[in-house]
Each structure stands twice: as C-alpha cells, then as structure tokens.
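Chemist: below: sequence and its predicted model.
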Amino acid sequence: MTQDSQIVSVDLDAPTHDLDRLIGSLETGSVLHVPTLPFQLTPDERASLDPAHAVKGRKNISLPPAGTALIGVEPADPAHATLLGLVTRYANAARLWIDTLFPHYRAHLIAAPTSLRLHRVETRHTSWRKDDSRLHVDAFPSRPNQGERILRVFMNINPHGEPRVWRVGEDFETVARRFLPRLPRQWPGSAALFNALGITKRRRSRYDHIMMHLHDAMKADMAYQRSCAQITLPFAPGAGWICFSDQASHAVMSGQFMLEQTFFLQPQDMAEPERAPLAILQRLAGRSLI
Ligand SMILES: [Fe+2]
C-alpha cells in the first residue's frame, strides 16, 4: 500500500457511495477524510469553546453513551448545558454518518463515550508514553480488549481557522513486522495477576500484551518516528476523519478544539475479519493470541 492510499477522501453529500470500496479502505487501515461534515456549531456553542470550562487536569470532556451530564465540566459551570448539547448532537450525528457509510456494522457497533477536547495539543506536557505527537496505534493499558476494534470519528471544530494536524504512518502489517521481533514476551501468570490486582478491567490477552508493547515501542523509537514512511495532514475546521485507531498509525501534531466519537466492534463483525490487527498478528505469530 502506498502512503497516498492511507488517506481516502469521502464526500458525505454524494448521492451514492461505493460502500465496498469505503469499507475496504477503512478495514485496511486507511484514514477516511471527510472535507466537510454536515455539522454546524451554533453561536452559543462556538462562544463556549474555551479550555477554562474543562476541569483542571483533564485531557478530555466526555459524555457516556446516552449520558445526561458531562464528565470534566463542573455541573454549575454556566456553559455546561451548551457544551452538553453540542456533545450530544455530535454523538447522534457520528452514529448517523457511520450507519450511512458502513451499514455492514450497524447491528454490531457499541458506542463508547463521546469526547470534546478544548486544550491546545502543542502545549500538553506529558511522558513519552502518553505523548500522542509520536506515531502509535491505540491500545489502552487499563482496558484490554482481546481484539475488539476501536473505530473513531473525529471533527475539527476550531472557530479560528486553525487546522488539526496529524501524521499518518505505515500500514499495520509493516509496523507489526518491524516491531514484533523486539517486543518482550508476556510472563506466565501476569494476565491473571493484573486482573486480580484491579490494574486491568478484563483479562489481558496475548493480543493486548502485544498491542501495548507495540504502542510503546513505536513511541520510544525516535529514529523510527523521524524516518518511517509517513505523511502530514492538516484537517481544516469543519473537516472530519474516520479510522480504526488500533490499526492506522497516527500522531497528532497541533490544533485545538475537537470532537471525537469512539465505537467498539468485534473483529468477526467486520466485512473481512482477516484484515483486523488480531488476524494479522496471529498470522505473523503463527498462533492464537486470545
Ligand atoms: Fe491515538
């Protein structure tokens, strides 16, 4: 796959979509770029985009599925109702876009919390492991997923004309082939121990172990970060982008004000489960990983 094919442009207003091509691009790890999402902010919503509304120390403001209050904004904050309205509208819109573009997934998607990010990307100071300006695939230390897919719908809502800039790296199999030989082995009993200690919410499978270490190994290798095949993409205000973030190698470089909706999907509910990171890693490892 060439770097250019890692990005596929989608016009949501097109009268018809080539659904097979779209799902094929998504499932092979491309980032689908929607230059203009049919989603407008009201003047009140735009005026409420201020990091001062985020509870100190939180990266995200979030709304659980079907939730009625935001996490990360004080209930007494005068902007709470406006921001809640914005995030709720986005959750509903993102579901509609995914249902339209990927009807194959409709009966199988599990909605995760919707998030609103008010902070500027460039000024976040964090450890290398949490530094999302380094290319990585998503894997959550406290939430082993045993191969479940992470589908994300992002939108840049910057009201000042600023793009949100991403880098997109190599396709998943290329990344996996490069790093797999260097990853530490999971020591016997560690999965049960982490579970018993409450460190993980579910049992950490071999798949989860590999994905966590893949995430870390990519971020730790600065030579790889500089030299691997990659492209830089500025997503303009009003644009959206959709990807399986457990598969598409990505890094966020700059920007401020973004909405994001996550969905979970079991790999067997993909159009072609053989394209999932789980299947790719099992093929490369030559054994079952869950
Ligand atoms: Fe990420």
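Modeler: All right, it came through fine.

Chemist: which other helices and strands does the helix or strand containing I210 contact?
Modeler: I210 belongs to helix 206-220 when assigned by DSSP states H and E. Counting by 3 or more C-beta pairs under 8 Å, 6 or more residues apart in numbering; DSSP states H and E, the packing neighbours recorded for helix 206-220 are helix 172-179, helix 222-227, helix 277-285. Every C-beta, even on glycine, is put in place using the N, C-alpha and C of the backbone.

Chemist: just the buried positions in it, please.
Modeler: 206-219 (16 or more other C-beta atoms under 10 Å).

Chemist: closest one of those residues to P141?
Modeler: M212 (6.1 Å; C-beta to C-beta).

Chemist: what's near enough to touch the closest one?
Modeler: 139, 141 (C-beta atoms under 8 Å, 6 or more residues apart in numbering).

Chemist: same deal with D99?
Modeler: R106.

Chemist: quick revisit: dump the buried residues of helix 206-220 into a markdown table; add pLDDT and distance to P65 as well.
Modeler: Below are the buried residues of helix 206-220 laid out as a markdown table (pLDDT from 0 to 100; distance: C-beta to C-beta, whole Å):
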| residue | pLDDT | distance to P65 |
| --- | --- | --- |
| R206 | 92 | 29 |
| Y207 | 95 | 25 |
| D208 | 94 | 23 |
| H209 | 92 | 28 |
| I210 | 94 | 28 |
| M211 | 96 | 24 |
| M212 | 95 | 25 |
| H213 | 95 | 30 |
| L214 | 97 | 28 |
| H215 | 97 | 25 |
| D216 | 96 | 29 |
| A217 | 97 | 32 |
| M218 | 97 | 30 |
| K219 | 97 | 29 |
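
Chemist: what sits up against stretch 121-131?
Modeler: Here stretch 121-131 has contacts from 59, 132-134, 164, 216, 219-220, 252-256, using C-beta under 8 Å, 6+ apart.

Chemist: distance between that stretch and the chain's centre?
Modeler: Centroid displacement of stretch 121-131 relative to its chain, using C-alpha atoms, centre = their mean, to the nearest Å, is 16 Å.

Chemist: same thing with stretch 256-271?
Modeler: Using C-alpha atoms, centre = their mean, the offset of stretch 256-271 from its chain centre is 7 Å.

Chemist: what number of residues lie near T232?
Modeler: 10 (other C-beta atoms under 10 Å).

Chemist: that one should be in a helix, yeah?
Modeler: No - looking at T232 with DSSP: H, G, I helix; E, B strand; the rest coil, it is strand, so not inside a helix.

Chemist: quick one: contacts for it?
Modeler: Counted by C-beta under 8 Å, 6+ apart, T232 has contacts 165-167, 253.

Chemist: now for those residues: which two are most distant?
Modeler: V165 and R167 (7.8 Å).

Chemist: joint contacts of the two?
Modeler: The contact lists of V165 and R167 share 232-233, 253, where a contact means C-beta under 8 Å, 6+ apart.
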